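# Got a predicted structure plus its sequence, pasted below:
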Amino acid sequence: MTDSPIFRRHRQTKIVATVGPASSAPDQLRRLLLTGVDVFRLNFSHGTQENHGEVLARIRALEAEFDRPIGVIADLQGPKLRIGSFAEGAVALRSGRVIRFDLDPAPGNEDRVCLPHPEVIEAMTVGSTLLLDDGKVRIRVIEKGPDFLLGEIVAGTRLSNNKGFNVPDVMLPLSPLTPKDRRDMEFALDQGVEWIALSFVQRPEDVVEARGLIGDRAAIMLKIEKPAAIQHLDELIELADALMVARGDLGVEMPAEDVPSLQKNMIQKARDAGRPVIVATQMLESMISSPSPTRAEVSDVATAVYDGTDAVMLSAETAAGAYPVEAVAIMDRIVARVESDLLYRSIMDSQHPGLGRTTADAITHSANQAARAVSAKAIVTYTESGSTTLRAARERPPMPILAISIHDTTARRLALSYGVHTVHVAQGINSFGEMVQEAMRIAQEYGIAGIGDRLAITAGVPFGRTGSTNTLRIVYLEPEQE
């Protein structure tokens, strides 16, 4: 513990910020944390392992300075599909013309270009769609050979070197873990990150493969950005530890009008399953270059909060934008304003997930009801694996969830979850009575509760057994006796 001020958030929905050149300096990271960031994202599509290692060390230093668990997400690049180059750097396109995609690495022209992915050519069928340059160019496959595709240009006027492409209507035989991803993942695990985010997941087997490599060294977050993943959504949620609604690529590969309803559906399914969920990409996009967002962006962030997400995320706004701290500050204000709306609370309560069948589920549900009935200042969970706290977050209570854990990794992971204020205690707690005393001390220290307030506390008896939550106690903070 240092002389730095103890602070806590006065909102339930968390903020994730991506670190990049605009935010990686120690003083900038510190400002972002104090302004409202709960979890930092390291984007391995950019930067070097050395850069990310330095940033992680700075985040851990901030954690020690403020005695506050901070979650870190290592977001892997995933398979990036790109076309080759053109002799002139770019070509003009016209609807109705035909262009050939083949394996020849020679620079292309208006008639042909290299597509250096034989597995993609093999998977495509006549009638399939190629989307290039974030969907600005749309091409329909009209003929297929063993090593080439012929495509009719449906939309688009220009195509330049090495543009990425998407294949929305074909399941590609690609692992989400490229050789680069495997190297980056091993580095991130060695550095001790809490979350590994997998890009371009298509099917349950992708998660099983990653789990075999990661084991219990980190939690797995799935970025849902492929239509194929939507088809397996329930299975993927069951296999994952958290979900990211990655609307950027999802909006390229699917009709834009489908994305809002998918966002709501994914958030509800993740909440039902007790998995944290992040809404990401293009949330305050204009703030990359502007000190204030558009009204549409403000509404977009607000909608995600009304939908009940655990967290909202900033990408280029904090990684490379001109106003990273301002973007976090505005997002913080939007979230707080929505959560103060009476309509927000009625939505959270009306979309309550079904009651689970375990004793732990019943106790956690009762804790939420009892805390409301006695106007408790917080629900307190003592957790080793995090499962008790995740059950509490699933309820979306109006008061904070004070999560106490002896495991720093558990405390950091829970920093992503709705309403959770995590505290890492260095020494083990040996009895329920000790836990009650520690909870009351911590609640007062962090300004969560004071003398005369109540706390709703859940734990397992016999004490300390993982997954055995079976006890609920309401405690009253009395003044100390002289």
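Thanks, I have the structure now. Numbers count the residues shown, from 1 in each chain.

# is it true that Ala246 touches Met283?
No: between Ala246 and Met283 there is no contact under Cβ atoms under 8 Å: 11.8 Å. All C-beta spots, glycine's among them, are computed from the backbone N, C-alpha and C.

# Compare the two (neighbour count), which wins?
Applying other Cβ atoms under 10 Å to Ala246 and Met283 shows that Ala246 carries more neighbours, namely 25 against 22.

# mind checking the backbone torsions on that one?
phi -90, psi 90 (degrees, to the nearest 10).

# dump the residue contacts of it.
199, 223-225, 280-281 (Cβ atoms under 8 Å, 6 or more residues apart in numbering).

# what do you get if the cut-off is 7 Å, keeping everything else the same?
223-225, 280-281 (Cβ atoms under 7 Å, 6 or more residues apart in numbering).

# Tell me which two of these sit farthest apart.
Ile224 and Thr281 (11.4 Å; Cβ to Cβ).

# more crowded one of these two?
Ile224 (27 against 20).

# my guess is that one contacts Leu243, does it?
Yes: between Ile224 and Leu243 a contact is recorded at 6.3 Å, counting by Cβ atoms under 7 Å.

# Mind listing the shared neighbours of those two?
In contact with both Ile224 and Leu243: Met266, using Cβ under 7 Å, 6+ apart.

# that older thread, just the contacts of Ala246: which are in strands?
Residues from the contacts of Ala246 lying in strands, with DSSP state E as the criterion: 223-224, 280.

# For Glu434, see how far away the closest residue to Val137 other than its chain neighbours is.
Nearest in space to Val137, with sequence neighbours left out and distances taken as Cβ to Cβ, 6 or more residues apart in numbering, is Gly156 at 3.2 Å. Computed as Cβ to Cβ, to the nearest Å, the Gly156 to Glu434 distance reads 66 Å.

# So for the two, which residue has more residues nearby?
For Gly156 versus Glu434, the count of surrounding residues by other Cβ under 10 Å is larger for Gly156: 18 against 14.

# give me every residue that touches the more buried one.
93, 136-138.

# which residue ranges form the helices in the stretch 101-250 of the chain?
In the stretch 101-250 of the chain, the helices defined using DSSP state H, counting those that start in this stretch lie at 118-123, 179-191, 204-214, 227-231, 233-239, 247-253.

# re the thing from before, going by distance to Phe86, which of the contacts of Ala246 wins?
The closest of the contacts of Ala246, once distances to Phe86 are taken by Cβ to Cβ, is Glu225, at 27.4 Å.

# List the contacts of that closest one.
200, 246, 249-250.

# So for those, which is the shakiest by pLDDT?
Of all those, Asp249 has the smallest pLDDT value, namely 83.

# nearest spatial neighbour of it, skipping sequence neighbours?
Here the residue nearest Asp249, using Cβ to Cβ, 6+ apart, is Glu225, at 3.7 Å.

# low-scoring stretches of the chain, by residue?
For the chain, the stretches with pLDDT under 70 are 1-6, 462-468, 480-482.

# where's the closest residue to Arg112 other than its chain neighbours, which helix or strand?
Nearest residue to Arg112, sequence neighbours excluded (Cβ to Cβ, 6+ apart): Arg100, at 4.0 Å. Following DSSP states H and E, the helix or strand that holds Arg100 is strand 98-102.

# In the chain, where's the longest helix?
In the chain, taking DSSP state H as the definition, the longest helix is helix 49-66.

# CA atoms only for that one, dumped as PDB, please.
What follows is helix 49-66, C-alpha atoms only, in PDB (Å, rounded to 0.1, in the frame of the first residue of the first chain):
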ATOM      1  CA  GLN A  49       6.400  -8.000 -27.700                       C
ATOM      2  CA  GLU A  50       9.000  -5.800 -26.100                       C
ATOM      3  CA  ASN A  51       6.600  -2.800 -26.300                       C
ATOM      4  CA  HIS A  52       3.800  -4.800 -24.800                       C
ATOM      5  CA  GLY A  53       6.000  -6.100 -22.000                       C
ATOM      6  CA  GLU A  54       7.100  -2.600 -21.100                       C
ATOM      7  CA  VAL A  55       3.400  -1.400 -21.000                       C
ATOM      8  CA  LEU A  56       2.400  -4.400 -18.800                       C
ATOM      9  CA  ALA A  57       5.200  -3.600 -16.300                       C
ATOM     10  CA  ARG A  58       3.900   0.000 -16.100                       C
ATOM     11  CA  ILE A  59       0.300  -1.200 -15.500                       C
ATOM     12  CA  ARG A  60       1.600  -3.500 -12.700                       C
ATOM     13  CA  ALA A  61       3.400  -0.600 -11.200                       C
ATOM     14  CA  LEU A  62       0.100   1.400 -11.200                       C
ATOM     15  CA  GLU A  63      -1.600  -1.600  -9.600                       C
ATOM     16  CA  ALA A  64       0.900  -1.500  -6.800                       C
ATOM     17  CA  GLU A  65       0.700   2.200  -6.400                       C
ATOM     18  CA  PHE A  66      -3.100   2.300  -6.000                       C
END
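
# Can you give me the domain boundaries for the chain?
14-78+176-341, 90-166, 359-476 (automatic domain parsing).

# Adding distance to Pro353, write these out as JSON lines.
Compiled in JSON lines, the domains of the chain are given as follows (distance: least, Cβ to Cβ, whole Å):
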{"stretch": "domain 14-78+176-341", "distance to Pro353": "4"}
{"stretch": "domain 90-166", "distance to Pro353": "33"}
{"stretch": "domain 359-476", "distance to Pro353": "6"}
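
# So for Arg8, which of these sits nearest?
Of all the domains of the chain, domain 359-476 comes closest under Cβ to Cβ, at 5.2 Å.

# From the opening residue of the closest one to its closing one, how far?
The stretch domain 359-476 measures 25 Å between its terminal residues, going by Cα to Cα, to the nearest Å.

# Tell me the gap between it and the middle of its chain.
Distance of domain 359-476 from the chain centroid (Cα atoms, centre = their mean, to the nearest Å) equals 23 Å.

# and the next element down the chain from the helix or strand containing Ala439?
Using DSSP H and E, Ala439 sits within helix 432-445. Next along the chain after helix 432-445, taking DSSP H and E as the criterion, comes strand 454-460.

# Return the set of buried residues in the helix or strand following that next one.
Sequence-wise, the next helix or strand downstream of strand 454-460 (DSSP H and E) is strand 469-476. Neighbour-count burial for strand 469-476, counted by 16 or more other Cβ atoms under 10 Å, picks out 469, 472-473, 475.

# Okay, and the beta partners of the nearest residue in space to Val461 that is not next to it in sequence?
Computed as Cβ to Cβ, 6+ apart, the closest residue to Val461 that is not its neighbour in sequence is Thr471, at 5.0 Å. Taking DSSP bridges as the rule, Thr471 bridges to Ala459.

# who's in contact with Thr471?
Thr471 touches 363, 432, 458-461, counting by Cβ under 7 Å, 6+ apart.

# of these, closest to Val19?
Nearest to Val19 among the contacts of Thr471, with distances taken as Cβ to Cβ, is Thr458, at 34.8 Å.
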